[in-house]
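> Need the 3D shape of this:
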Amino acid sequence: MQEEIPQTTRAKAELLENGKIFVKNIKELPFLADHSTAGPNTGQNSIFLRFGDGRLVRLTLAETQSQTPYTYNVEHKMIQKSGIDWYPAKQVESLLHCPEQAFLNLDSNCRYNCKFCATPLIQSHVSHRVLKPQTVTRAIKRVAKKGLSGVALTTGVFSSPTESVKHMCRVVKAIRKEFGDALPIGVEPFVQEEKHINMLYDAGADEIKVNVESYDPEIFAIVCGKLDYENNLRMIRYAAKVFGEKRACSNIIIGLGEKEETINQGAEALANWGVIASLRPLNLNPLIETQLQEALNNRAQRPSAERLLSHATNHKKILKEKRLDVTRFQTMCLKCTGCDIVPQRDL
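I've put the predicted structure just below:
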């Protein structure tokens, strides 16, 4: 018997299919829109909305009403669909790029230029910066009394993977020194060697994300041409051994032209290693859309709501079979849930 999908989860999937929302009276939003230098919404403004029975969704702000069927009426705290009231919703404060978390990008540049990633391209808009450990701890202090429950760190690679990991380790140690064990720390590095994972674990990180990006080796070679597919998978598997099962996760992007079975195979392979996937809908960010479509012969497409729900439902079965529990994660995307349909949290 197929599990019934909650109506609010279907609504969230519909919102993620479009990915955008127009805000009436934007100046009256209770919290400033978020502007990220990493992740799906790099270089774009977005807001987090909580609606229905607690679903959280992150949506890019549309510049005009014509870009999306969805509108957020600030005065009435209502998501409208095609002009009709749809779901009551409240904006959720993004402490540092994420509700309840400080999610920080330590280096806003990257040498690898993966074609789905807009982070290196925003350098034409902002100067290159590297967040120093003391800068990070000061930023965390500013939001510590606002319901902060964890810290997540990601980074581009400007010089070398080793130097990037060393810097992340310095930041992790600084957070531990300042806050002790009070805050769980998740890290999302680029790693090339087993020692990189050992270094982050020894520095005091609690959870780790090493991203698959695409489980299809041909697509991976196209969009991550400077990276090694097989070594990347080895690093993910090793990360689970070091950090322990249920403390390692990994993004698999949906929408790069892959076959449906490839996503399912990837989610199952990760689960076999004790790694939980975040099945991430592709964001066709305007900064990368042209280069991505050219590389993939126009196969890149944001996934439909039904596609997201189908994969999330299948993933939930896999996680149950492997006895993996998403709700144990304390940091990063599996804790937030704003950008994905997350099994065991959304359905």
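> can you pull the contacts of Lys322?
Applying C-beta atoms under 8 Å, 6 or more residues apart in numbering to Lys322 gives the contacts Ala271, Asn272, Gly274. Every residue, glycine included, has its C-beta placed from N, CA and C.
> any chance of the residues you listed in a markdown table, plus distance to Leu256?
Rendered in a markdown table, the data for the contacts of Lys322 read as follows (distance: C-beta to C-beta, whole Å):
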| residue | distance to Leu256 |
| --- | --- |
| Ala271 | 21 |
| Asn272 | 23 |
| Gly274 | 25 |
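> what's the closest of these to Gly180?
Gly274 (27.3 Å; C-beta to C-beta).
> Would you mark the buried spots in the biggest strand by length in the chain?
Across the chain, the strand with the greatest residue count (assigned by DSSP state E) is strand 84-92. Residues of strand 84-92 classed as buried under the neighbour-count rule (16 or more other C-beta atoms under 10 Å) are Trp86, Tyr87, Ala89, Gln91, Val92.
> circling back to that earlier point, Gly244: which of the contacts of Lys322 is nearest?
Out of the contacts of Lys322, the member with the shortest distance to Gly244 (by C-beta to C-beta) is Gly274, at 7.6 Å.
> What is the burial count for Gln101?
In terms of burial, Gln101 registers 26 neighbours under the definition other C-beta atoms under 10 Å.
> ok, it to Leu296 distance?
Plainly put, Gln101 is 32 Å away from Leu296 if you go by C-beta to C-beta, to the nearest Å.
> what sits against the closest residue in space to Asp53 that isn't next to it in sequence?
Using C-beta to C-beta, 6 or more residues apart in numbering and skipping the chain neighbours, the partner closest in space to Asp53 is Thr8 (5.4 Å). The neighbours of Thr8, taking C-beta under 8 Å, 6+ apart as the test, are Phe51, Gly52, Asp53, Arg55, Tyr87.
> Repeat that for Ile79.
Residues near Ile79 by C-beta under 8 Å, 6+ apart: Leu15, Ile21, Leu49, Phe51, Tyr70, Thr71, Tyr72, Asn73, Trp86, Tyr87, Pro88, Ala89.
> tell me which element the third one is part of?
Spelled out, it's Leu49. Per DSSP states H and E: Leu49 is located in strand 45-51.
> Show me where the chain has its strands.
For the chain, strands defined by DSSP E occupy the ranges 20-24, 34-35, 45-51, 55-61, 70-73, 78-81, 84-92, 101-105, 150-154, 185-188, 207-209, 248-254, 275-281.
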